[in-house]
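Engineer: Sequence first, then the predicted structure:
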Amino acid sequence: MQPPRIILYHKHPTSARTRFLRLAHGGVCGPAPLPEGASLVSEGIPAGALAWHPAAVVGAAERSLGLPGGSLEADAGFRALIEAPHGPVEVLLAHFTAMDPPFEAVETIGGAFIQLTQARGMAPVELALLRRAYEAILG
């Protein structure tokens, strides 16, 4: 299995405004873009398949953004599997725990927070992942 990817979002606790982190490479899956030719296989991980521990993936995302531990929390109900030319890629979902998004930290890595409607133009696989993520966030 290839290294996992993670989609990060912020949902404001009072207004419920939801924004996704768009990374410098133009997509929402990080830390690296999804491989060319990737396609969404399924939600969840098949029984018996190896899976990445969310704490390891979340911790790596915090470090890459320069955020302290506890700044992100994995959404346990979301896992997706992407089929790619060099093997499957697991995709997880996590949210920022602070009241407001960490705009400055995101700007330093060339990223930005976007609303779902601003995702137009992304690869079809990323749009499909965003749709599933948004459905999971709404409950």
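Structural biologist: The structure has been received and is ready for your questions. Keep in mind the model is a prediction, meaning the values are calculated, not measured.

Engineer: counting residues per helix, which one in the chain is longest?
Structural biologist: helix 124-138 (DSSP state H).

Engineer: For that one, C-alpha coordinates in PDB please.
Structural biologist: Output in PDB follows, covering the C-alpha atoms of helix 124-138 (Å, rounded to 0.1, in the frame of the first residue of the first chain):
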ATOM      1  CA  PRO A 124     -12.700  13.900 -10.500                       C
ATOM      2  CA  VAL A 125     -11.300  11.600  -7.900                       C
ATOM      3  CA  GLU A 126     -10.700  14.500  -5.500                       C
ATOM      4  CA  LEU A 127     -14.200  15.800  -6.100                       C
ATOM      5  CA  ALA A 128     -15.600  12.400  -5.300                       C
ATOM      6  CA  LEU A 129     -13.600  12.300  -2.100                       C
ATOM      7  CA  LEU A 130     -14.800  15.700  -1.200                       C
ATOM      8  CA  ARG A 131     -18.400  14.700  -1.700                       C
ATOM      9  CA  ARG A 132     -18.000  11.700   0.600                       C
ATOM     10  CA  ALA A 133     -16.100  13.800   3.100                       C
ATOM     11  CA  TYR A 134     -18.800  16.500   3.100                       C
ATOM     12  CA  GLU A 135     -21.500  13.800   3.600                       C
ATOM     13  CA  ALA A 136     -19.500  12.400   6.500                       C
ATOM     14  CA  ILE A 137     -19.100  15.800   8.100                       C
ATOM     15  CA  LEU A 138     -22.800  16.600   7.800                       C
END
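
Engineer: residues near the closest residue to K11 other than its chain neighbours, how many?
Structural biologist: Among residues not flanking K11 along the chain, T18 sits closest, at 4.8 Å (C-beta to C-beta, 6 or more residues apart in numbering). Glycine gets a C-beta too; all of them are placed from N, C-alpha and C. Applying other C-beta atoms under 10 Å, we find 17 residues neighbouring T18.

Engineer: If I look at T18, what pLDDT would I see?
Structural biologist: Per-residue confidence (pLDDT) for T18: 97.

Engineer: That's all I had, so thanks and see you.
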